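Student: What shape does this take:
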Amino acid sequence: MFENGFIDNSVQFNEVEVTTKDNNSFIRGADFSNIKLIHQFDSDICVTSDEHLIKLHFSLEGTYCYQPLRHIKYLVQIPENHCNMFYYPTTEGKDIFFKGNAKLFEIYVKPILLKNLLGVEFENSFRKLKEAISNSNSFVLWDKSKFIPPHIRSKINEIIQCPYKGEIRKTYLESKLTVLMIDFLLGRQTSKLSKSNVKLLNSDYLALVKVEAYIRTHLKEPLKILDLAEIAGFNATKLKRDFKKVYGMPVFKYITALRMELAKSLIIQDGASIAQAAFEVGYANPQHFTTAFKRTMGYLPSELKPAIQ
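Tutor: Residues are numbered from 1 along each chain as shown. Sure, this is the predicted structure:
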C-alpha cells in the first residue's frame, strides 16, 4: 500500500524480486518491510494507493501483469525484457506474477509531475494520456508491450547499482530517474516505436518474445536466422520482417546492440578485460569485437577502463 508517499514533485521507484523455492514464492521490494511468503505460483498481490498514479514498468526477468479490480477487461501484460507505461484511476489492483523467478523495476509518478517534467511535449506527444486523466479513464501506452532498449536497461542498472549514500544518493537517483524517464518517453528510439502501429496476431507477438528471450540468454553462442526462425515457428522472411516491426531494428543489429551493452557492463561493473568481455559476448577475435563496439557505441571499449579505476 502506498500512503502519504506522493507529493507533487515526487518520483518513486521500486526494485522487486520474486523467487521460488519448494513451490512457494517470496517477494522482496522497497515497499515491503520484510520478505513475505505469498501463495504458490501463479500468484497475485493486491495493491492499493491513495493517489492516482502513472506507472512505468520494466520486466527485467519473468512475466508480469497488472489488473485493476474495477476494470476487469483492462489487463496489462509485460513479458520479460519488455516495458510499458499505464495510468490507473482506480486505487485497487492486482500485481500478477507467473511461475518462475521475476525481477522488475517500476517508476511511479503523479500526472502533474509528468506534465511539469515534459512541458509542451506532454501536450504534443501524450494527448491520449491527458484525455484519459481528465476523464478518469484507464490508459496503456502500448497495446503490446515493447522491448527494453539496451541503453534504457543500462540506465536502469546504473540506478539499481547506485554506489552512493545519504544526500548524494538522493541527488544521484533523482538525476538518473529524470534522464531515464525523458529518454523512455521522448527518446528517438522509443518515439519511433510509439508511433509504429504494429499489427500482429498475439500468437506471433509471443513467438517473437520467445525469440528475443533466447537471443538474450545465448549471446555467447552463434545466432543464425534459420535457428531463430525455427524457435518462432516462422520462415526466415517472416521472422526478419516481424522482428523489425516489434523491436525497431533488424535481428542482427539488435543482437549486436545487446552484445555491446553486456560487454560494457562486464568491463565497467565486473572489471573484465576487453578480451574477456569479447569472449563472453561471442567474439573469438578481440579486434573484431573492438571494431563492432566502436561502430555500435561510438567509442572504443578501452575508453571504459578509466571508469573502474
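Student: For this structure, give me the ranges with low pLDDT.
Tutor: Residue ranges of the chain with pLDDT under 70: 1-11, 15-43, 71-73, 98-100, 188-198, 306-309.
Student: Buried ones in the lengthiest helix in the chain, by neighbour count?
Tutor: Longest among the helix segments of the chain by residue count, using DSSP state H, is helix 166-186. By neighbour count on 16 or more other C-beta atoms under 10 Å, the buried set for helix 166-186 is 172-173, 176-177, 180-181, 183-186. C-beta coordinates here come from the backbone N, C-alpha and C atoms, glycine included.
Student: centroid residue for the protein?
Tutor: By C-alpha atoms, centre = their mean, the mean C-alpha position of the chain lies nearest to F58, the distance being 3.2 Å.
Student: surely that one meets C83?
Tutor: Yes: contact criterion C-beta atoms under 8 Å: F58 and C83 qualify, at 4.5 Å.
Student: what sits in contact with each of these two?
Tutor: 148, 152 (C-beta atoms under 8 Å, 6 or more residues apart in numbering).
Student: can you pull out the helices in this protein?
Tutor: Along the chain, counting by DSSP H, helices occupy 111-118, 120-125, 127-134, 150-160, 166-186, 188-195, 202-217, 225-232, 236-247, 251-269, 274-280, 286-297.
Student: packing partners for the first one?
Tutor: To tie it back to what came earlier, the one meant is helix 111-118. Contact analysis of helix 111-118 by 3 or more C-beta pairs under 8 Å, 6 or more residues apart in numbering; DSSP states H and E lists helix 120-125, helix 166-186 as its packing neighbours.
Student: now the longest one and helix 150-160, what's the angle there?
Tutor: It refers to helix 166-186. Counting by axes from the mean of the first three to the mean of the last three C-alpha atoms, to 10 degrees, helix 166-186 lies at 160 degrees to helix 150-160.
Student: now helix 166-186 and helix 111-118, what's the angle there?
Tutor: 80 degrees.
Student: Turn the helices of the chain into CSV, including distance to D95.
Tutor: Below are the helices of the chain laid out as CSV (distance: least, C-beta to C-beta, whole Å):
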stretch, distance to D95
helix 111-118, 21
helix 120-125, 27
helix 127-134, 21
helix 150-160, 18
helix 166-186, 20
helix 188-195, 24
helix 202-217, 20
helix 225-232, 29
helix 236-247, 25
helix 251-269, 27
helix 274-280, 33
helix 286-297, 35
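Student: Which of those sits closest to D143?
Tutor: helix 202-217 (9.6 Å; C-beta to C-beta).
Student: any idea how far V251 is from the closest residue in space to R259 that isn't next to it in sequence?
Tutor: Excluding the flanking residues, the one nearest R259 by C-beta to C-beta, 6 or more residues apart in numbering is V281, at 4.0 Å. V281 is 16 Å from V251, where distance means C-beta to C-beta, to the nearest Å.
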